[in-house]
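Trainee: sequence? don't have it. structure:
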């Protein structure tokens, strides 16, 4: 099991038309269940439902609205806290700054969600 | 100012007008594609807007020089030539968006959406090139 930290808006923008936010949460939640990972979906500002801060949807899924802090800064701060961190983003600057053990691009992750 | 310098300056101004007009088509077409962001975020994340405008202006100046040389050789209406060249460049270079989608360091970030499969971005790029060609043709 890995902790999968997802740069949610980057993943959403990785495909045109963009995947709706709720749909990303639902797909990612089902994917986490299938693969036995813990996922943290981090939204810049507010998460779906106007959420600011962290909310556990179930034992495998946490949704975060980063509030005044950028999602990038939140992820850079949180990634080192997880030795098994798997970061999902296509943003190269964030990839370098976060230093996750494993990285996947947004588009590739969307394809994986839909397998 | 020589004709060549005037064309280069006109290209730089036209590219800057393009950059300033981007918020308008982004709002109208509800797609945040920005050439200023694509260029600027390819080289820096901190000062991407200034870098994007600068690179875009340089590109515009180079385009203005090419326009100047062709205008001397082709003897066609200057404004039509500028517009035609700009739209030709758009048609030829837009497929390179495939590489932006796969290799841009800030892909998926604001201003850098998928391009190759994005009809709204294509419309935005068409309008922006038309605007660029029109301004270049009037000023050069």
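Mentor: Perfect, thanks for sending it. On a predicted model such as this, the values are computed, not experimentally measured, just so you know.

Trainee: off-centre distance for stretch B:58-68?
Mentor: 11 Å (C-alpha atoms, centre = their mean, to the nearest Å).

Trainee: mean confidence for it?
Mentor: On average, the pLDDT along stretch B:58-68 is 98.

Trainee: what's in contact with that stretch?
Mentor: Identification of contacts with stretch B:58-68 by C-beta atoms under 8 Å, 6 or more residues apart in numbering or on different chains yields B:3-4, B:7-16, B:18, B:39, B:81-82, B:85-86, B:89, B:132, B:136, B:140. Every residue, glycine included, has its C-beta placed from N, CA and C.

Trainee: buried residues in it?
Mentor: B:59-61, B:63-65, B:67-68 (16 or more other C-beta atoms under 10 Å in any protein chain shown).

Trainee: roughly how far out does the longest helix seen in chain A sit from the chain middle?
Mentor: Using DSSP state H, we find that the single longest helix of chain A is helix A:21-35. Relative to the chain's own centre, helix A:21-35 is displaced by 10 Å; criterion: C-alpha atoms, centre = their mean.

Trainee: give me every residue in chain B lying close to chain A.
Mentor: When proximity is defined as C-beta under 8 Å from any C-beta of the partner chain, chain B approaches chain A at B:45, B:101, B:105-110, B:112-114, B:117-118, B:120-121.

Trainee: among those residues, which one has the most neighbours?
Mentor: Neighbour counts for the residues of chain B next to chain A (other C-beta atoms under 10 Å in any protein chain shown) peak at residue B:113, which has 28 neighbours.

Trainee: just the pLDDT for it.
Mentor: 97.

Trainee: next, it: secondary structure please.
Mentor: coil (DSSP: H, G, I helix; E, B strand; the rest coil).

Trainee: that one against residue A:13, yeah?
Mentor: Yes - in this structure, residue B:113 is within contact of residue A:13 by C-beta atoms under 8 Å, at 5.4 Å.

Trainee: spatially, what comes nearest to residue B:30 if we skip its sequence neighbours?
Mentor: The spatially closest residue to residue B:30, leaving aside those adjacent along the chain, is residue B:120, at 7.2 Å (C-beta to C-beta, 6 or more residues apart in numbering or on different chains).

Trainee: counting contacts, what elements does the host helix or strand of that neighbour pack onto?
Mentor: Residue B:120 is part of helix B:119-139 when elements are defined by DSSP states H and E. If contacts are counted by 3 or more C-beta pairs under 8 Å, 6 or more residues apart in numbering or on different chains; DSSP states H and E, helix B:119-139 sits against helix B:3-29, helix B:48-74, helix B:78-93.

Trainee: and the longest helix of chain A, what's buried?
Mentor: Buried, per 16+ other C-beta under 10 Å, within helix A:21-35: A:21, A:24-25, A:27-29, A:31-32.

Trainee: turn these into JSON lines, including distance to residue A:58 and pLDDT.
Mentor: Shown next, in JSON lines, are those (distance: C-beta to C-beta, whole Å; pLDDT from 0 to 100):
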{"residue": "A:21", "distance to residue A:58": "18", "pLDDT": "97"}
{"residue": "A:24", "distance to residue A:58": "16", "pLDDT": "98"}
{"residue": "A:25", "distance to residue A:58": "11", "pLDDT": "98"}
{"residue": "A:27", "distance to residue A:58": "14", "pLDDT": "97"}
{"residue": "A:28", "distance to residue A:58": "12", "pLDDT": "98"}
{"residue": "A:29", "distance to residue A:58": "7", "pLDDT": "97"}
{"residue": "A:31", "distance to residue A:58": "13", "pLDDT": "97"}
{"residue": "A:32", "distance to residue A:58": "9", "pLDDT": "97"}
